[in-house]
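1. Whatever this is, show me its structure:
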Amino acid sequence: MMEGKEEEAKTHIIIVPVAHVSKKSARLVEDTIRSRKPDLVGLELCRERLEALSRGGSRSMDLRTAISHPTSAILFAAQQLIGKWWQVTPGEEMMRALGAAAELQRPVALLDRPIGGIARDIERIPLREKIGMVFSPGLKLPGKKKMSLSQMMKPENLEKILGKLERDFPASYKVFVESRNRHMFGKMLLCNVDTVVAVVGAAHVPGLCRLAEESGENIKIEVVE
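-> Next up, the predicted model:
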């Protein structure tokens, strides 16, 4: 956890890192919003993805995506398979966050880049790198067996995994992690409230903390575990 002095902090950002396919993540999101009662709830979503989730319609959204952006469709399908394996619906934590925010009558900010912009950037990733990602042996570190979801969520392992991702797939890292970190952090600053609960993928946590530290702004960052 990285935090400044509480009395000097202009904004308190409470980050809830989620695995997107974890029942524990979905419960943690709900409990944190209800207990902290923030001024604002920020979600790693754009309007298009929110509309698709609200319809319960990831299927209809991805038929369109598959036609216009095949790479995005492949990556989405992978997330669906992981969700089935862990017996949870991808996006459940975001729906839980929306429900908790509605209960408390708190506004919601959509923090992520529009899916169309991300899809266009995906198409610019070199073909060799796309193929490398598809056939990658998975999220594991050199000399170690493939990690469980709980192991991956540990900060020390997450930092190493992200470092490996950046080295092995630099263009993909910029699209999926770096550009979105900057976009989400910028939107949180523009919200201009005292307390934000930000529900974001665990992969974005180290970058968001780093951006807050480097920003020179009076920000307190707290990561809920």
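2. Would you map the helices across the chain?
-> Listed in chain order, the helices found in the chain under DSSP state H are 23-36, 47-54, 58-68, 70-85, 92-104, 115-123, 127-134, 149-152, 155-168, 170-173, 179-191, 205-215.
3. Taking helix 92-104 as reference, get the angle to the first one.
-> Spelled out, it's helix 23-36. Relative orientation of helix 23-36 with respect to helix 92-104: 20 degrees, computed using axes from the mean of the first three to the mean of the last three Cα atoms, to 10 degrees.
4. Which positions within helix 23-36 qualify as buried?
-> 25-26, 28-30, 32-33, 36 (16 or more other Cβ atoms under 10 Å). All C-beta spots, glycine's among them, are computed from the backbone N, C-alpha and C.
5. So which of these is the closest to residue 43?
-> For the buried residues of helix 23-36, the residue nearest residue 43 by Cβ to Cβ is residue 29; the value is 9.4 Å.
6. before we move on, the earlier item: tabulate the buried residues of helix 23-36 (TSV), appending distance to residue 125 and pLDDT.
-> Output for the buried residues of helix 23-36, formatted as TSV (distance: Cβ to Cβ, whole Å; pLDDT from 0 to 100):
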residue	distance to residue 125	pLDDT
25	27	80
26	30	84
28	32	92
29	30	94
30	35	94
32	34	97
33	35	98
36	37	97
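7. How much space separates residue 94 from residue 100?
-> For residue 94, the distance to residue 100 under the criterion Cβ to Cβ, to the nearest Å works out to 11 Å.
8. same deal with residue 198?
-> 14 Å.
9. So which of the two has more stuff around it?
-> Neighbours of residue 198 and residue 100, each counted by other Cβ atoms under 10 Å, are more numerous for residue 198; the result is 28 against 21.
10. That one reaches residue 42, doesn't it?
-> Yes. When contacts are counted by Cβ atoms under 8 Å, residue 198 is listed as touching residue 42 (4.2 Å).
11. Can you get me a residue count around residue 105?
-> 6.
12. Ramachandran coordinates for it?
-> Note on residue 105: its backbone torsions stand at phi 60, psi 50 [degrees, to the nearest 10].
13. In contact with it, which residues?
-> Contacts were defined as Cβ atoms under 8 Å, 6 or more residues apart in numbering; by that measure residue 105 touches no other residue.
14. tell me, what residue is most central in the protein?
-> By Cα atoms, centre = their mean, the mean C-alpha position of the chain lies nearest to residue 201, the distance being 2.6 Å.
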